[in-house]
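Undergrad: Take a look and give me a structure for this.
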Amino acid sequence: MIKSVSVHIVTYNSEEDIKECLKAVSMQSYPLQAVVVIDNQSKDHTKDKVKEVAHLFGSKLKFIPNVQNVGFAPGHNQAIALNDTDYVLVLNPDVTIGSDYVERLVAVMEHNQHIGSATGQLLRKANREMIDSTGIVMNSARRAFDRGAGEPSVLWSESGKVFGVSGAAAMYSRRMINDIALNGEFYDDSFFAYKEDVDVAWRAALLGWEAYYDARAIAYHERGWKEASRTSQTLFVRRLSY
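TA: Alright, predicted model coming up:
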């Protein structure tokens, strides 16, 4: 029996990226049951851009406009509550996934029921031979990093287990979502938009779930950090990291 998959995207002033993101989703080799876009009160033309490609999905596409910016984590919890698919692909609007991304990750997770989360090889859009993330790694000081970030992709051709997966393009099983959720929240709402994927990885590992990196599943990430905004957000992100 084929497993059901939904793709969830939370947007916030994402007009530059969302069409490319959704076009890639529409070209997946694996059938999708639903595509959910939660918009956090964008001030640009995000909604119009979504409408321009809505015909690619028909009734499968749901666009939910929020009256305020609730953040990445609460937005995805909102999307998760809208359906009960076997698998959920959490996707950033600035990520473009390869046509077999969903198919490869579902196959890996179906093969090993202990795997609750999976990711592919995320490359930088600006340099498609450079790694953006191959998962999350935590060092001895309990600081979390995107594994392989900034390194040549040829160094990361081997698939295998990882501590966790980046929320930029993360496949989660519904079994794990239900198992690790606390008070109805999969992502901890208090993380707003940073490090929520690390918290999920930590809780999942404590409960015996495995995370997996499939080097053959390819995606490209714009990486939204801008130097101008990095300084103003540093203390906020540091607090969540801590």
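Undergrad: and the longest strand for the protein?
TA: With secondary structure taken from DSSP state E, the chain has its longest strand at strand 210-221.
Undergrad: for that strand, packing partners?
TA: strand 95-97, helix 101-111, strand 115-124, strand 131-133, strand 160-162, helix 196-206 (3 or more CB pairs under 8 Å, 6 or more residues apart in numbering; DSSP states H and E). Every residue, glycine included, has its C-beta placed from N, CA and C.
Undergrad: got the angle between it and helix 196-206?
TA: Strand 210-221 runs at 160 degrees relative to helix 196-206, counting by axes from the mean of the first three to the mean of the last three CA atoms, to 10 degrees.
Undergrad: quick one: strand 210-221 to strand 115-124, angle?
TA: 30 degrees.
Undergrad: Check the average confidence over strand 210-221, would you?
TA: Here strand 210-221 scores 98 as its mean pLDDT.
Undergrad: how much space between the closest residue to residue 98 other than its chain neighbours and residue 113?
TA: Counting by CB to CB, 6 or more residues apart in numbering, residue 98 lies nearest to residue 218, which is 4.2 Å off, once chain neighbours are set aside. The gap separating residue 218 from residue 113 is 25 Å, by CB to CB, to the nearest Å.
Undergrad: more crowded one of the two?
TA: The residue with more neighbours, out of residue 218 and residue 113, is residue 218; 20 against 10, by other CB atoms under 10 Å.
Undergrad: hmm, back to that, would you turn the helices and strands packed on strand 210-221 into CSV with mean pLDDT?
TA: CSV is the format used below for the helices and strands packed on strand 210-221 (pLDDT from 0 to 100):
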stretch, mean pLDDT
strand 95-97, 98
helix 101-111, 98
strand 115-124, 98
strand 131-133, 98
strand 160-162, 98
helix 196-206, 95
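Undergrad: Tabulate the ones you listed in a markdown table, adding columns for distance to residue 51 and mean neighbour count.
TA: As requested, these are exported to a markdown table (distance: least, CB to CB, whole Å; neighbours: other CB atoms under 10 Å):
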| stretch | distance to residue 51 | mean neighbour count |
| --- | --- | --- |
| strand 95-97 | 19 | 24 |
| helix 101-111 | 24 | 20 |
| strand 115-124 | 28 | 26 |
| strand 131-133 | 29 | 26 |
| strand 160-162 | 37 | 14 |
| helix 196-206 | 29 | 21 |
